[in-house]
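Colleague: fold the following, please.
(chains A and B)
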Amino acid sequence: MRRLAALCLLVAPLAGCSGPPLGYLDATSPVAGAIARLGWGLTVISVGVCLIVGLLLIIAIYRRRPDGDLSVTPVNDRTPIRWIGVGVAISTVFLLGSAVWTLVTVHSIGEPPQAGALSIDVIGQEWWWGVKYHSSDPAREFTTANQLVIPVNVPVQINLTSRDVIHSFWVPKLGGKMDMIPSRTNVTWLEADKIGEYRGQCSEFCGLQHANMAFNVKVLSQADFKAWWDHQLQPATGSPDDPRLRTFMVRCAACHTIRGTQAGGILGPDLSHFGSRDSLAADLMPNTPENLRNWINNTQTIKPGAKMPELHMLASETSDVTSYLEGLK
Amino acid sequence: MVTQAETIDSPEGRKLLSLWETAPGLYGWLASVDHKSIGIRYLCTAFFFLIIGGIEALVMRVQLAQPDLKVLSPDAYNQLFSMHGTTMMFLYALPMLSGFSNYLWPLMLGSRDMAFPRLNALSYWVFLLAGIFLYVSFPIGQAPNGGWFAYVPNTSLPYDPGINMDVYALGLIFLGVSTVVGSANFIVTLLRCRAPGMSVNRLPIIVWGTFTASAANLLAVPAVSLACAMLWLDRRYGTHFFEVSGGGQPLLWQHLFWIFGHPWVYALVLPAMGIVSDALPVFCRRPLVGYTLVAISTVATMILGFGVWVHHMFATGLPVMSLSFFSAASFVIAVPSAIGVFCWIATIWTGKLQFKTPFLFFAGFVMLFVIGGVSGFMTASVALDWQLTDSYFIVAHLHYVLLGINVFPVVGGIYYWFPKMSGKMLDERLGRWTFWTMFIGFNVAFFPMHVTGLMGMPRRVYTYPAEMGVGWLNLISSIGAFVFAIGVLLFLINIAKGLKSGAPAGNNPWDAPTLEWATTSPPPVYNFATIPQVASRYPLWEDRLKESDERSIIGDLARDGMVLDKGKETIGVTPLDAEPNVVLKMPGDSILPFLLALGMTALFFGLLAHVIWLTALGVVCEIVILALWLTPKPHVAEEEVEVYE
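Modeller: Numbers count the residues shown, from 1 in each chain, chains lettered A, B, ... in the order given. Next up is the predicted model:
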């Protein structure tokens, strides 16, 4: 009964059409799809084993016995031992089968089907993600943060490392985890089947704000992706004498970069084209002027321990910075 | 046949009592080396830590009951989950089983004490003081905060500048002393301190379990002690074992930790599975089906358990070829577990059942073991584990394994052996309530976590956004956790009630077959008036099982049993066949183990606080006490060793 209820519990949330943002049993990529098939297979075997053993246990407990006889009598265990042999043999077959299935799956997803046309570095740091797009043409390389934009149906090579502690890169709907380890570069790859947005999350405990170290992956059509890339290469617009930029230079530029301006800090996320991003503070909240203002003034309340200090800016400074950043489309 | 009670009143009994009795008062309490009091101290202390760790868990469940709650700060949450894991893994799970084994081994094996009684006392005192050491920075909000797994560089000085992880590193080295001396003691005890005739094919399965776990601990614990020493040196003396800027490797920590950690997990469950293998059959009124299979499975699990540690590191980017090997090994390790499960079910199937409380816990254990086992089978698959690892699915899996295979057998085991330890019975009705509350609470708390994990909730997060859609599941888990806690409370009430007004137990209230039930409840300090002579695996059922014509001789002064009353003595036997070959002189009570543990505490506090004089004082104390400990004492003529043959 309990297991039956549990089974319903298991199926109910996964049967919904869109499903939970980090659910990986409804995957939308070749890698996550192969893993999801394996996952469903092993889940069915597992639930089956629980039901069968549970049933055996219940029958063993409740089968009819002569009433009240509790005497210890001589035993002959040849028959039960034979049955144990049968049970172990069946279990072994399933275990070996699952092991083979696993190894075949690992082999099929270990390498992309074609050499990656696109290579992106993702650098984990406390508690956000630096993202660097590579190109054969150095002039077309650029850096962004906390948002990964990729084209649909193209295998993308992701090079993972960390600037401080170990993090782990995980976009459940597109593939499995891969750790980001300082001094090492781990390579994984993604390929999305569907245009849309997917959530990614750090999945290795990395300190105070591990919980809020997320990012999003935006999958665009190949044409849109090219347009997006071209747009990213544009320098920041606006006059260098913009007073709002001056406020930014004084208050923010020690840590943040905006391409095309003097702001070149590298401690915090690159804010070039910040206004075109969907979320802020490592996917903690939607990118709206209200949220940005709140974030600047209450960083340590919203994300306690985050490396960005509270600057106690004047209201006018906050407005300057907010409107300037939101204007960087 | 002369009964045990009559023996106690005999001149021999009185002489043995005067030889073995612990001195009254505080000195006697601190100096006692009696394995039974040490065992009970282990059980009580470990249970106390279980309650502490449980309260930590409840506080975390309040914080996680709904998305975006602010009951705990991220820092407080990190300390709580780190201490919860460290407490449960190190201060509850293994010491609890050591408690059972300390109490039961000499009684089950027909001996008068462990091989090294003073080492046994040392092991307990070090455990207690190391446990306190690990909690010393808790009140000032500086408790270990890097998880029980303490991955570098998150735990290295630049990212964790407080004393938090120094307490962890030094505390685990300190505690490791207890584990290692305890394990060595179990191994030698098994090899030497048994009743004549207690050959290896007659050992109770819990003895197999603890022996296997102890051998593993001797190999595994040095790895974590070494890793902790390296971490501490990196943190405080600028070495570069793990420090990337100096060419160190963060993954080295993970290898060292898990090459310890995975065998450790098996050490936490094998003795508990032994409890079930020994006690479940009593309530089925028949011997365990497949004794040999279960014993071999126990050893096989441990051996394979040394070859699967990398399955904790599937996502670290190691070459796919080596991951595949460890993945396959992790599937294979399920085979011995399957053997155990089928043996227990066959025992129940072919038995005549007695639905007492311990039976409920053991039958519940079988089901939880299977659920925890299949979720382990899913994580063994390297590809699937890339999704499952570090998600709540793993939290569900490890709690099914550790509560299912450790806590349920332990509570069942206490219901089973409490009458032996105290001479009083626990209440059956309250026992049933305890079981059902714990069983339902446990499943309500932890089963939904499988789903929470499949929906993508990562582990070790202090909160989660509402959009993830896992708020309702977390609420169910939190409610279940509190129901489980009520079950534990009922259990404690039952213990208190049993101690106060439990019905008298008699020697053998369950009509069980093993040696510990042949002596009185509670047993006399010398265990057996005469050393038993064992003729079968089930000495107290021989007349009914009729497996052979030989009969064991237990507590029968009339039949020339060995009384061994020329000083504190027990018999030593050959390792395999248990042929008696020497009378072992056992040491008397001594305060030295306690003092040695105190000196060690001074040493570790000195290291923690960088106080040179305290460290030096600790070292000097250790040397002096060890010298005193090892000084040979002349034997009085009467105590000359008699060698048989």
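Colleague: so how many other residues sit close to residue 90?
Modeller: You didn't say which chain, so I picked chain A. Neighbour count for A:I90, taken as other Cβ atoms under 10 Å in any protein chain shown: 13. The C-beta positions use only the backbone N, C-alpha and C, and glycine is treated the same way.
Colleague: oops, chain B please
Modeller: Around B:F90 there are 25 residues (other Cβ under 10 Å).
Colleague: list the contacts for it?
Modeller: Residues counted as contacts of B:F90 (Cβ atoms under 8 Å, 6 or more residues apart in numbering or on different chains) are B:L134, B:W148, B:L172, B:L175.
Colleague: helices along the stretch 151-300 of chain B, start to end?
Modeller: Along the stretch 151-300 of chain B, counting by DSSP state H, counting those that start in this stretch, helices occupy B:164-192, B:205-237, B:250-279, B:291-305.
Colleague: what's near enough to touch the residue in the stretch 151-300 of chain A positioned nearest to chain B?
Modeller: Relative to chain B, the nearest point of the stretch 151-300 of chain A is A:G176 (2.4 Å; Cβ to the nearest Cβ). A:G176 is in contact with A:V31, A:A32, A:I35, A:W170, A:T188, B:A315, B:A383, B:D385, B:W386, B:Q387, counting by Cβ under 8 Å, 6+ apart.
Colleague: so which of the residues you listed belong to strands?
Modeller: Of the contacts of A:G176, the ones assigned to strands by DSSP state E are A:T188.
Colleague: and which of the contacts of A:G176 is nearest to B:P204?
Modeller: B:D385 (36.1 Å; Cβ to Cβ).
Colleague: secondary structure class for A:G176?
Modeller: Judged by DSSP: H, G, I helix; E, B strand; the rest coil, the three-state class of A:G176 is coil.
Colleague: any idea how far it is from A:L55?
Modeller: 34 Å (Cβ to Cβ, to the nearest Å).
Colleague: any regions of chain A where pLDDT drops low?
Modeller: A:1-19, A:113-116, A:237 (pLDDT under 70).
Colleague: quick one: the strands in it?
Modeller: Ranges of strands in chain A, per DSSP E, are A:118-125, A:128-133, A:142-145, A:147-151, A:156-162, A:167-169, A:178-180, A:186-190, A:196-201, A:214-220, A:279-280, A:285-286.
Colleague: ok, back up a step: and the contacts of B:F90, which is closest to chain A?
Modeller: Closest approach between the contacts of B:F90 and chain A, by Cβ to the nearest Cβ: B:W148, at 10.7 Å.
Colleague: not counting its own residues, what contacts the helix or strand harbouring B:F325?
Modeller: Taking DSSP states H and E as the criterion, B:F325 maps to helix B:320-332. The contact list for helix B:320-332 (Cβ under 8 Å, 6+ apart) reads A:95-96, A:98-99, A:102-103, A:106-107, A:110, B:304, B:307-311, B:314, B:376-377, B:379-382, B:385.
Colleague: any idea which helix or strand comes after it?
Modeller: helix B:334-350.
Colleague: flag every buried residue along that next one.
Modeller: By neighbour count on 16 or more other Cβ atoms under 10 Å in any protein chain shown, the buried set for helix B:334-350 is B:334-350.
Colleague: and chain A, is it touching that?
Modeller: Yes - counting by Cβ under 8 Å from any Cβ of the partner chain, chain A is contacted by helix B:334-350 at B:A334, B:V335, B:A338, B:I339, B:V341, B:F342, B:C343, B:I345, B:A346, B:I348, B:W349, B:T350.
Colleague: for the stretch 501-645 of chain B, what spans make up the strands?
Modeller: Counting by DSSP state E, counting those that start in this stretch, the stretch 501-645 of chain B has strands at residues B:569-573, B:580-585.
Colleague: just name the most buried of those.
Modeller: strand B:569-573 (a mean of 24; mean count of other Cβ atoms under 10 Å in any protein chain shown).
Colleague: average pLDDT for that strand?
Modeller: Averaging pLDDT along strand B:569-573 gives 92.
Colleague: and for stretch B:606-617?
Modeller: 96.
Colleague: so what touches that stretch?
Modeller: B:F133, B:I163, B:D166, B:V167, B:L170, B:W232, B:R236, B:G599, B:A602, B:L603, B:F605, B:G618.
Colleague: my read: the last one touches B:L603, true?
Modeller: Yes - A contact is recorded between B:G618 and B:L603 when judged using Cβ atoms under 8 Å, the distance being 2.8 Å.
Colleague: show me the helices in chain A, by range?
Modeller: Along chain A, the segments classed as helices by DSSP state H run A:2-15, A:30-62, A:78-110, A:222-233, A:243-251, A:289-297, A:299-302, A:315-326.
Colleague: neighbours of A:V47, how many?
Modeller: Other residues close to A:V47 by other Cβ under 10 Å number 16.
Colleague: that one and B:Q387: what is the separation?
Modeller: As judged by Cβ to Cβ, A:V47 and B:Q387 stand 18 Å apart.
Colleague: what's the closest non-adjacent residue to B:Q254?
Modeller: Nearest non-adjacent residue to B:Q254, counting by Cβ to Cβ, 6 or more residues apart in numbering or on different chains: B:M313, 5.5 Å away.
Colleague: quick one: contacts for that neighbour?
Modeller: Per Cβ under 8 Å, 6+ apart, neighbours of B:M313: B:L251, B:Q254, B:H255, B:W258.
Colleague: how about the nearest residue to the last one once chain neighbours are set aside, what does it touch?
Modeller: When you say that, I think you mean B:W258. Leaving out its chain neighbours, the residue that sits closest to B:W258 by Cβ to Cβ, 6+ apart is B:W309, at 3.9 Å. By Cβ under 8 Å, 6+ apart, B:W309 lies in contact with B:H255, B:W258, B:I259, B:G261, B:H262, B:P263, B:F326.
Colleague: quick one, phi/psi of B:W309?
Modeller: phi -60, psi -30 (degrees, to the nearest 10).
Colleague: just give the number of residues close to the closest residue to B:P158 other than its chain neighbours.
Modeller: The shortest distance from B:P158 to any non-neighbouring residue, by Cβ to Cβ, 6+ apart, is to A:D164 (8.0 Å). A:D164 has 21 neighbouring residues, counting by other Cβ under 10 Å.
Colleague: closest residue of the stretch 501-645 of chain B to chain A?
Modeller: B:R544 (4.3 Å).
Colleague: contact partners for that residue?
Modeller: A:S71, A:V72, A:T73, A:P74.
Colleague: near chain B, from those residues?
Modeller: Answer for these near chain B (Cβ under 8 Å from any Cβ): A:S71, A:V72, A:T73, A:P74.
Colleague: what's the local residue count around the third one?
Modeller: Residues within reach of A:T73, counting by other Cβ under 10 Å, total 12.
Colleague: and for residue 212, the neighbour number?
Modeller: I'll assume chain A. Using other Cβ under 10 Å, A:N212 is surrounded by 26 other residues.
Colleague: other chain: chain B
Modeller: 24.
Colleague: the closest residue to it other than its chain neighbours: neighbour count?
Modeller: Closest residue in space to B:T212, ignoring its immediate chain neighbours: B:M302 at 4.6 Å, by Cβ to Cβ, 6+ apart. B:M302 has 23 neighbours, counted by other Cβ under 10 Å.
Colleague: show me the contacts for B:M302.
Modeller: Contacts here follow Cβ under 8 Å, 6+ apart; on that basis B:M302 touches B:T212, B:A213, B:A215, B:A216, B:P263, B:Y266, B:A267, B:L270.
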